[in-house]
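Undergrad: structure for this input, please:
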Amino acid sequence: MKSFFWLLFFALTTCVVAQTVPARQEVWLPSLEVSAEAVRPFTVASAAGAATDSVPSNIDSSASGASSSRTPHDQRDSSSLGKPAEPPQADTHIHWNTANRESLLSTGIMHVFNAWTEAGTRDALYGPWFQDWTRSVSELRGWSDSDRFMAPYAGHPIQGSIFGYILRENDPRYKTVQWGDGRDYFISLLRSMGYSAVWHTQWKIGPISEASIGNVMLHASPGFITLVDTPTLGTLDMMGEDALDRYLIMGLENRTANRALIMLTRCFLNPGRSFGNLMAMKQPWSRDTRMGIFGENFVKRQEMIADWKYHNGPKPFEFVKRQPDPSSDPNRVYPKAAPIELSAYPNFESFSGRSCIGGGGSGAARLSNEWQIVGEVNGCLIMGFSKYTQSGDSLFYGGGPRWTPLATHRWSPFAEVLFGGRKVTYEVDNPELETKLLNAWNDGNGTLPHYPKRSDWSTQVASNGPSLAIGGGVDYVVKRPFAWRLLNIQYTHSWMGGVDNIHPNNGIRITTEAVLRIGTW
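TA: Next comes the predicted model:
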């Protein structure tokens, strides 16, 4: 996780350093540039066709770096005479090769930084690769990965949004979607979330992951939290960045043409998008939906802002909702009860006098208007230990039916029964022994042949058992794509023995959830 924060720092530093680059050098990376003759006001529209996605309709295509060639009349094939010219086909397919290369670049940069700054990673580069990889993956247990709050609930979501923006950049159909573009926007988010889930899972436990290159899970406390919250909270991060770009950043650009201020604001308020741009070899502050900020574009921005401020001219930048996909059926009636629901949530649980704080996610498929089948995974960090060297976490996984008698209404109560399992892990660290072992290793120059593993200075006890969760709550449908599960209260019972002084047999779990409703729009 430390490597990601340094990577983000590198992206933001690039924004600062780039302020010293002369305007004439802006062409070193692709950028949307428009001539001073562009028609104003410059509306931020997103055309439905992918062929015009990167160039708004009031901008000449040459401004975006596009080029075209026409065959002279005397060089045309005689077989084409008298035949109507076929219009070019819009590119609507995801550019998988490019997206995967950019994701590999992001992964490679983080691996390089890990090897550069972490002694354990460098030491693990030697030895049986496959055996060490499988041993590292087998260390996955519980929920927490022992990181502080900022890493799993701020850093991981930004990392998930980076993979999401990489896919959006290489998805011609939805490349220029913005907050407010309705169904197209949420379809784009779903694509990004799926792509982020695959690539982040690869980064954690795949063949070119932290587990295989560096065997991080043998040295640090591993948990499932990052596999769950990175794609789900990363999607929420994308929504936040998109909303900030539309309302705050665009509002700023309507009031100033200051290049340094625009660059820094775009980078700091949209960190995931900025790093995704870097992976595409673009300026981190680049936008496909608005004109550039250097050269003639800078002059044009100044003129447009001055005209709006002092001469009652139109606002320079305004959002215009993109037109629906012409291939979709305008007469289709979508159901009010969501066929599929995905949720992410913070999680509070209390058992045996202890508090347990974490998060989780669930998915539900609808069988009828009244019934769903639900799968859920959540976990939490157990609090209240007497010593800082002690830690514990709980992981619940289960599935079952959910009753939704008013699924087609704005207010929708529900009840559910989930049956599955629970795993509780208790761990005691020995920091004095850890220090002693690190000194003995001495960066590879001491008496210890290898960097000490976590199991060398930490004792772990775990227990598994069947678990049941019974409860219910109420949903409030905000919009067709979204609902807020205001409250979900569950009674939990686990058939398992205690782990040291942790007894999870009976508990109460409380959640409030953001629900994505798929198939209603």
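Undergrad: dig out what Gly473 forms beta bridges with.
TA: When bridges are called by DSSP bridges, Gly473 pairs up with Phe414, Asn488.
Undergrad: not counting its neighbours along the chain, what's nearest Met193?
TA: Leaving aside its chain neighbours, Met193 sits nearest to Thr235 (4.5 Å; criterion: Cβ to Cβ, 6 or more residues apart in numbering). For every residue, glycine as well, the C-beta is placed using N, CA and C.
Undergrad: distance of that neighbour relative to Gly160?
TA: Distance from Thr235 to Gly160, counting by Cβ to Cβ, to the nearest Å: 7 Å.
Undergrad: equivalent analysis for Ala407, please.
TA: Taking Cβ to Cβ, one finds Ala407 at 29 Å from Gly160.
Undergrad: the two - which one has more neighbours?
TA: Gly160 (29 against 23; other Cβ atoms under 10 Å).
Undergrad: quick check, that one in contact with Val228.
TA: No. Applying Cβ atoms under 8 Å as the test, Gly160 and Val228 come out as separate, 10.5 Å apart.
Undergrad: who does the nearest residue to Glu253 once chain neighbours are set aside form a beta bridge with?
TA: Leaving aside its sequence neighbours, Glu253 sits nearest to Phe317 (Cβ to Cβ, 6+ apart; 5.6 Å). According to DSSP bridges, the residues that bridge with Phe317 are Phe42.
Undergrad: burial measure for Phe317, as a count.
TA: 23.
Undergrad: check Glu210 too.
TA: By other Cβ under 10 Å, 24 other residues sit near Glu210.
Undergrad: isn't there a helix covering Lys423?
TA: No. Lys423: not assigned to a helix; according to DSSP: H, G, I helix; E, B strand; the rest coil it is strand.
Undergrad: next SSE downstream of the helix or strand hosting Leu236?
TA: Using DSSP states H and E, Leu236 falls within helix 225-244. Sequence-wise, the next helix or strand downstream of helix 225-244 (DSSP H and E) is helix 250-253.
Undergrad: which strands and helices sit next to that following helix?
TA: Helices and strands touching helix 250-253, by 3 or more Cβ pairs under 8 Å, 6 or more residues apart in numbering; DSSP states H and E, are helix 259-269, strand 317-320.
Undergrad: rewinding a little: let me see the contact set for the residue nearest to Met193.
TA: Residues in contact with Thr235 (Cβ atoms under 8 Å, 6 or more residues apart in numbering) are 160-161, 164, 189, 192-193, 196, 516.
Undergrad: low-confidence ranges, the protein, go.
TA: Counting by pLDDT under 70, the chain has low-confidence residues at 1-89, 142, 144-149, 221-222, 325-330.
Undergrad: domain map for it?
TA: Under the assignment automatic domain parsing, the domains of the chain span 1-59+93-325, 340-518.
Undergrad: could you export the helix holding Leu236 as PDB, CA atoms only?
TA: Extracted as PDB, the C-alpha positions of helix 225-244 are listed here (Å, rounded to 0.1, in the frame of the first residue of the first chain):
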ATOM      1  CA  ILE A 225     -10.600  -6.300   2.900                       C
ATOM      2  CA  THR A 226      -8.600  -5.100  -0.100                       C
ATOM      3  CA  LEU A 227     -10.200  -7.600  -2.400                       C
ATOM      4  CA  VAL A 228     -13.700  -6.400  -1.400                       C
ATOM      5  CA  ASP A 229     -13.400  -2.600  -0.900                       C
ATOM      6  CA  THR A 230     -11.000  -1.700  -3.700                       C
ATOM      7  CA  PRO A 231     -13.400  -2.300  -6.600                       C
ATOM      8  CA  THR A 232     -16.600  -1.300  -4.700                       C
ATOM      9  CA  LEU A 233     -15.400   1.800  -2.900                       C
ATOM     10  CA  GLY A 234     -13.200   2.500  -6.000                       C
ATOM     11  CA  THR A 235     -16.500   2.900  -8.000                       C
ATOM     12  CA  LEU A 236     -17.800   5.300  -5.400                       C
ATOM     13  CA  ASP A 237     -14.500   7.200  -5.700                       C
ATOM     14  CA  MET A 238     -15.000   7.500  -9.500                       C
ATOM     15  CA  MET A 239     -18.500   8.900  -8.900                       C
ATOM     16  CA  GLY A 240     -17.100  11.400  -6.400                       C
ATOM     17  CA  GLU A 241     -14.300  12.500  -8.800                       C
ATOM     18  CA  ASP A 242     -16.800  12.800 -11.700                       C
ATOM     19  CA  ALA A 243     -19.200  14.900  -9.600                       C
ATOM     20  CA  LEU A 244     -16.300  17.200  -8.400                       C
END
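Undergrad: let me know the secondary structure of the residue nearest to Arg246 when sequence neighbours are not counted.
TA: Sequence neighbours aside, Trp179 is the residue nearest to Arg246 in space, at 4.7 Å (criterion: Cβ to Cβ, 6+ apart). Of the three states, Trp179 takes coil under three-state DSSP.
Undergrad: isn't Trp179 up against Gly240?
TA: No. Checked against Cβ under 8 Å, the pair Trp179 and Gly240 is beyond contact range at 9.3 Å.
Undergrad: okay, and Pro207 sits in which element?
TA: For Pro207, there is no host helix or strand (DSSP H and E).
Undergrad: list the contacts for it?
TA: Neighbour list for Pro207: Trp133 [criterion: Cβ under 8 Å, 6+ apart].
Undergrad: now what about stretch 402-409, what contacts it?
TA: 335-338, 364, 366, 369-374, 412-416, 477.
Undergrad: buried set for that stretch?
TA: Neighbour-count burial for stretch 402-409 flags 402, 404, 407 (criterion: 16 or more other Cβ atoms under 10 Å).
Undergrad: now do stretch 272-291
TA: The neighbour-count check on stretch 272-291 (16+ other Cβ under 10 Å) flags 272-280, 282-291 as buried.
Undergrad: try stretch 300-313
TA: 300-301, 304-305, 307-308.
Undergrad: quick one, phi psi at the residue nearest to Arg246?
TA: Trp179 has phi and psi values of phi -60, psi 120 when expressed as degrees, to the nearest 10.
Undergrad: wait, doesn't Ser355 sit right on Phe385?
TA: No. Taking Cβ under 8 Å as the definition, Ser355 is not a contact partner of Phe385, at 11.2 Å.
Undergrad: who has more neighbours out of the two?
TA: Counted by other Cβ under 10 Å, Ser355 and Phe385 do not tie: Phe385 has more neighbours, with 16 against 13.
Undergrad: who's in contact with the more buried one?
TA: Going by Cβ under 8 Å, 6+ apart, the list of residues near Phe385 reads 391-392.
Undergrad: for Arg255, helix, strand, or coil?
TA: Recorded secondary structure, Arg255: coil (three-state DSSP).
Undergrad: what do you get for Lys436?
TA: Quick answer, by three-state DSSP: Lys436 is helix.
Undergrad: now do it against Gln460, distance only.
TA: 19 Å.
Undergrad: hey, what's Glu393 bridged with?
TA: One thing to correct before we go on: residue 393 is Asp, not Glu. Under the criterion used here (DSSP bridges), Asp393 is bridged to Leu381, Thr425.
Undergrad: my read: it touches Gly223, true?
TA: Yes. Between Asp393 and Gly223 there is a contact at 6.6 Å, judged by Cβ under 8 Å.
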